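In: pasted the sequence and its predicted model underneath.
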Amino acid sequence: MSTSESESAGFVHRFVPSVNGGPITLLLLHGTGGNEDDLLGLGSQLLPGAALLSPRGKVLENGMPRFFRRLAEGVFDLNDLANRTEELAQFVEKMSTKRGFGKKVVAVGYSNGANIAASLLLLRPGLLAGAVLFRPMVPFTMKTVPDLSGVRVLIEAGTGDIIVPRDEPDALAEIFQRAKAEVTLRWHEAGHQLTDADIEAARKWLSDLSGSLSQ
């Protein structure tokens, strides 16, 4: 396991090599106030033995790391989001070359991390093979969407989430459907925090995805 500030676009991060030679590297993207360690246990639980790449967001909001700026609760700085998305994409590409994990990268993002993962899918098609988006919002609207044929997306939403408006997960799913991605939207009786049901649904989904990518 390694941590580095200087290499690969300057992200503080953790990288855990695969222990079973599986086809997937999980790109773990934390929520506001998290860090590079927050989702390592979750990643190992979701897909045991998979390689894990977990960067720390470089934007600080009242001292709390995030992946991009926001102007207010639920109001994103779209210019910063675009720039930070490209920066993160370059980091993943450089780490792929350095660590040799290929292009079968699947993002697992929570809240702010889910939002930049959605942005990666839309602005950098071809970078990710799929994504698990826990409690995401629509990062931005697009008149013309990329072709995401063959990309799989799991959206995990909470019926009692007071941070993510109720219509956001459906709107995000519709964007990915227009882009021809294979989208699964699951609602759970939960708030913004993750539940065992979220984790179990994501675990099964990732197991199926890993099996299909191995063929």
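Out: The structure has been received and is ready for your questions.
In: next one: stretch 131-149 to chain centre, how far?
Out: Using CA atoms, centre = their mean, to the nearest Å, the mean C-alpha position of stretch 131-149 is found 11 Å from that of the whole chain.
In: stretch 155-173 too?
Out: 16 Å.
In: these two touch, right, residue 86 and residue 127?
Out: No - contact criterion CB atoms under 8 Å: residue 86 and residue 127 do not qualify, at 10.5 Å. Just so you know, the C-beta spots here come from the backbone N, C-alpha and C atoms, and that holds for glycine as well.
In: quick one, which of these two is more surrounded?
Out: Taking neighbours as other CB atoms under 10 Å, residue 86 and residue 127 compare with residue 127 leading, 20 against 15.
In: can you pull the pLDDT of that one?
Out: On the pLDDT scale, residue 127 is placed at 96.
In: sticking with it, tell me its helix or strand.
Out: Here residue 127 sits in a region with no helix or strand, counting by DSSP states H and E.
In: please apply the same query to the one 5 residues further on.
Out: For residue 132, the element it lies in under DSSP H and E is strand 130-134.
In: dump that strand to PDB, keeping only the CA atoms.
Out: Presented in PDB, the C-alpha positions along strand 130-134 are these (Å, rounded to 0.1, in the frame of the first residue of the first chain):
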ATOM      1  CA  GLY A 130     -18.700   1.300 -14.800                       C
ATOM      2  CA  ALA A 131     -19.600   3.000 -11.600                       C
ATOM      3  CA  VAL A 132     -21.400   2.500  -8.300                       C
ATOM      4  CA  LEU A 133     -22.900   5.800  -7.300                       C
ATOM      5  CA  PHE A 134     -24.000   6.100  -3.700                       C
END
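In: other SSEs contacting that strand?
Out: Applying 3 or more CB pairs under 8 Å, 6 or more residues apart in numbering; DSSP states H and E, we find strand 130-134 packed against strand 105-110, helix 112-123, strand 152-158, helix 196-214.
In: save those as TSV, and put in mean pLDDT, mean neighbour count and distance to residue 18 too.
Out: Listed next are those as TSV, based on pLDDT from 0 to 100; neighbours: other CB atoms under 10 Å; distance: least, CB to CB, whole Å:
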stretch	mean pLDDT	mean neighbour count	distance to residue 18
strand 105-110	98	26	12
helix 112-123	98	26	20
strand 152-158	98	24	20
helix 196-214	92	15	11
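In: reformat the ones you listed as TSV; add distance to residue 134.
Out: Output for the helices and strands packed on strand 130-134, formatted as TSV (distance: least, CB to CB, whole Å):
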stretch	distance to residue 134
strand 105-110	4
helix 112-123	5
strand 152-158	5
helix 196-214	6
